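# how would this look folded up:
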Amino acid sequence: MLHGVSLRGHWWLSPSIVGLLCALSTRWLPAQAPSFAAERYHNVVVEHDVEIPMRDGVLLRATLYRPDAPGRFPAILYRTPYGKDSHLRRNEFPGKAVRRGYLVFVVDVRGRYRSDGVFRAYLQERADGYDTIEWVARHPRSDGRVGTYGGSYPGYVQWLALAEGPPHLATAVPDMTPTSSHHFFYMGGAFSHTWYEWFMPLILPDLRRRANDRAGPWEVDSAYAQWVPVRRRWYAFRPLIDVPLLREHAPYFYDWLTHPDSSAWWGFANVESEFHRMSAPILTVSGWFDNTYGTVGAVRGFNGIRRHGGSEAAREHSKLVLGPWKHTSITVHTVKTGSKNFGQSAGLDFDDLLLRWFDQRLKGIDTGIDDEPPVWIFVMGDNEWRFERSWPPANAETRALYFHSGGAAQTAAGNGHLSWTLPADEPADEYTFDPRLPVWDSHFEDAGPFDQAAVEAREDVLVFTSDPLESDLEVTGEIEAILYVSSDALDTDFAVMVTDVHPDGASYNVLGPEAGYLRMRYREGYDRQRLMEPGEVYQIRVGHMLTSNVFKRGHRIRVHITSSRAPHFDPNPNTGTPIATEQRLIKARQRVYHDARRPSHLLLPVAPRR
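Just a heads-up that it's a prediction; the model follows:
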């Protein structure tokens, strides 16, 4: 077993194991040396464009990797919109799995690359997922046991298939992916504007090729090169509903825009009411700097299936892994994310973890993985892995960190302050939000911890900073901001970011890029819109801020508050009208209150130290 010591409910890797991890170039060690002599298959047979019929007669096509040996084998399935051939060129896992004694099917989803049909993102993936899994289980070389893996879109399709309850699905590994529409298409009630970054370079080229449309590039690299110089112009285009970019090849995009509320319409993308139908244990993985839907989806999916899963195996054996990674960035060599170096232990040999998982779930081999606690987290600052029994950790204590100022908290040079002491009579802080000049995340293509100096120098950003810490402070769990706010607008947004200020003054975000965002019309829930009364003070709760970070002695805790985060979210026009059809953009005067009656504060899940 991977040795550790129990410390106040935590399981920490012992120093000897940490040293061994480093010596092995960050390779993730199995919990124990397998007590079996696993047969290895050295020759791999590749079958191209294997046809898989769907219930409506549409043919999907797969590449099958299998051992060059007689017999039947458990099957592993990967379903992708990004091209099965591209996946096989860039990834070694299929070959590794075949040599371990698995069939591996890599499938183009409906309407993509080699598969027939019309691609409608996510809309067809429930039924197609079920049909593909059951067809794979019946394949003459399959022993009937099927597992799935993949991240982002290939992760979401696994949740959607799980919700259909395919009887031969034995396990799934959905990583860096959501479980619900309104933690994805809409986060905090605001539309996820970076869909443009997905459609324009990644999805449209193949759709143009299939339609023989020569109005734009057919290759991803060419499409990206064409998109980058013009994207700022398209992000500023209003009204959203009239953007012409996707009208021909992705008309369903405009349906997303015209259904901003959480409702039954989004059933094709939501699984959180269907965990009871999921009988297969899952391993779900994300990163602290993943697109926030991935982190939120991982913990909501893990907790949902552990509490409500349709079998004892799903409830008892599902696992969660959270590391210091950005979206789809997990490698054995990952040491640096953004501007921060997290050390040699930050990498993960994900292929090795997958093989351990599938050996346990599909072959019944005791790899020791079921003996380990169900939650594995990387604690930043300490830069160590730790096992937990639950998420969030049961022994974290919620502490309130209060906002203070003399009424001039604009920019990091202002007088905004954080302390554990309740405020007394203090003036509110004000700023003007102009949606024509939103805060722009210059690192949106390379998420991770970056110095926020440029953001914190803006006059439309309030900054509150603690004194240097006298001892290490670990924050592990979901941070929430309880804010008392008003505006002269009928609707507006509030964005919260928490940072770790180092002794040299650099202010590094400890959260993912979409964390801590709320559109005010959805302050009472995503299924209803409630406009504001100008000047009225509202208490709001801003969440989805998941992290595990040790603020070291001498460091300071900082929070900054503003009203936009482009291009992640469409800047609120502040008019209170339907946002998709609004062309006007007006300024909003915002206030944040922190006095004895209205004590705005952070709620920090503080973990006891070793």
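# what segments of this protein are helices?
15-23, 84-90, 93-99, 125-138, 153-162, 195-198, 204-211, 220-227, 231-235, 252-257, 292-308, 312-317, 350-362 (DSSP state H).
# would you list those in a markdown table and tack on distance to Lys587 and mean pLDDT?
In short, each C-beta sits where N, CA and C put it, glycine included. Formatted as a markdown table, the helices of the chain follow (distance: least, CB to CB, whole Å; pLDDT from 0 to 100):
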| stretch | distance to Lys587 | mean pLDDT |
| --- | --- | --- |
| helix 15-23 | 52 | 32 |
| helix 84-90 | 45 | 90 |
| helix 93-99 | 51 | 95 |
| helix 125-138 | 42 | 98 |
| helix 153-162 | 37 | 98 |
| helix 195-198 | 25 | 97 |
| helix 204-211 | 35 | 98 |
| helix 220-227 | 30 | 97 |
| helix 231-235 | 19 | 97 |
| helix 252-257 | 24 | 98 |
| helix 292-308 | 27 | 98 |
| helix 312-317 | 51 | 98 |
| helix 350-362 | 47 | 97 |
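# Arg558 is nearest to which of the ones you listed?
Nearest of the helices of the chain to Arg558, taken as CB to CB: helix 292-308 at 19.0 Å.
# burial measure for Asp261, as a count.
For Asp261, the count of nearby residues is 16 (other CB atoms under 10 Å).
# for it, which non-adjacent residue is spatially closest?
Closest residue in space to Asp261, ignoring its immediate chain neighbours: Asp527 at 5.7 Å, by CB to CB, 6 or more residues apart in numbering.
# what residues are up against that neighbour?
By CB atoms under 8 Å, 6 or more residues apart in numbering, the residues touching Asp527 are Asp261, Ser262, Ser263.
# so His168 makes contact with Thr132?
No - when contacts are counted by CB atoms under 8 Å, His168 is not listed as touching Thr132 (10.9 Å).
# more crowded one of these two?
Ranked by neighbour count (other CB under 10 Å), His168 and Thr132 place Thr132 first, with 27 against 17.
# all strands of the stretch 401-550 of the chain, in order?
417-419, 429-433, 462-466, 473-487, 493-501, 507-509, 517-519, 538-551 (DSSP state E, counting those that start in this stretch).
# reformat the ones you listed into CSV and put distance to Tyr293, mean neighbour count and mean pLDDT next to each item.
What follows is the strands of the stretch 401-550 of the chain, written out as CSV (distance: least, CB to CB, whole Å; neighbours: other CB atoms under 10 Å; pLDDT from 0 to 100):
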stretch, distance to Tyr293, mean neighbour count, mean pLDDT
strand 417-419, 28, 18, 98
strand 429-433, 24, 20, 98
strand 462-466, 26, 25, 98
strand 473-487, 15, 23, 98
strand 493-501, 16, 26, 98
strand 507-509, 17, 23, 98
strand 517-519, 12, 24, 98
strand 538-551, 9, 21, 98
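# out of the helices of the chain, which is closest to Asp429?
Going by CB to CB, the one of the helices of the chain nearest Asp429 is helix 292-308, 25.5 Å.
# what comes up buried for that closest one?
By neighbour count on 16 or more other CB atoms under 10 Å, the buried set for helix 292-308 is 292-306, 308.
# quick check: the farthest pair among those?
Going by CB to CB, the pair spanning the buried residues of helix 292-308 furthest: Thr292 and His308, at 23.2 Å.
# grab the nearest non-local neighbour of Val598.
Not quite, residue 598 is Arg, not Val. Spatially, and ignoring its direct neighbours in sequence, Arg598 is nearest to Tyr484 (3.6 Å; CB to CB, 6+ apart).
# how near is that neighbour to Val45?
To Val45, Tyr484 is 65 Å away according to CB to CB, to the nearest Å.
# what do you get for Ala453?
Spatial separation of Ala453 from Val45 under the definition CB to CB is 55 Å.
# now do Tyr186
According to CB to CB, Tyr186 and Val45 sit 45 Å apart.
# circling back to that earlier point, okay if I get the strands of the stretch 401-550 of the chain as TSV plus distance to Arg231?
Formatted as TSV, the strands of the stretch 401-550 of the chain follow (distance: least, CB to CB, whole Å):
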stretch	distance to Arg231
strand 417-419	36
strand 429-433	22
strand 462-466	29
strand 473-487	29
strand 493-501	21
strand 507-509	23
strand 517-519	21
strand 538-551	25
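# and those: which comes nearest Asn395?
Here strand 473-487 is closest among the strands of the stretch 401-550 of the chain (CB to CB), at 9.6 Å.
# restrict stretch 294-307 to CA atoms and write it as CSV.
Provided in CSV are the C-alpha atoms of stretch 294-307 (Å, rounded to 0.1, in the frame of the first residue of the first chain):
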residue,chain,number,x,y,z
GLY,A,294,-14.5,20.8,-14.8
THR,A,295,-13.7,21.3,-11.1
VAL,A,296,-17.3,21.8,-10.1
GLY,A,297,-18.4,18.9,-12.3
ALA,A,298,-15.8,16.6,-10.8
VAL,A,299,-16.9,17.2,-7.2
ARG,A,300,-20.6,17.3,-7.9
GLY,A,301,-20.4,14.1,-10.0
PHE,A,302,-18.3,12.4,-7.3
ASN,A,303,-20.6,13.4,-4.5
GLY,A,304,-23.7,12.6,-6.5
ILE,A,305,-22.7,9.1,-7.3
ARG,A,306,-21.2,8.4,-3.9
ARG,A,307,-24.5,9.4,-2.3
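# gap between it and the chain center?
The chain centroid and the centroid of stretch 294-307 are separated by 11 Å under CA atoms, centre = their mean, to the nearest Å.
# count residues in the vicinity of Asp213, would you?
By other CB under 10 Å, the residues close to Asp213 number 13.
# typed the wrong thing, it's Ala506
The local packing of Ala506 (other CB under 10 Å) involves 16 other residues.
# isn't Ser600 right next to Val592, touching?
Yes - using CB under 8 Å, Ser600 is in contact with Val592, at 5.9 Å.
# anything in contact with each of these two?
Counting by CB under 8 Å, 6+ apart, the shared contacts of Ser600 and Val592 are Phe403, Leu483, Tyr484, Val485.
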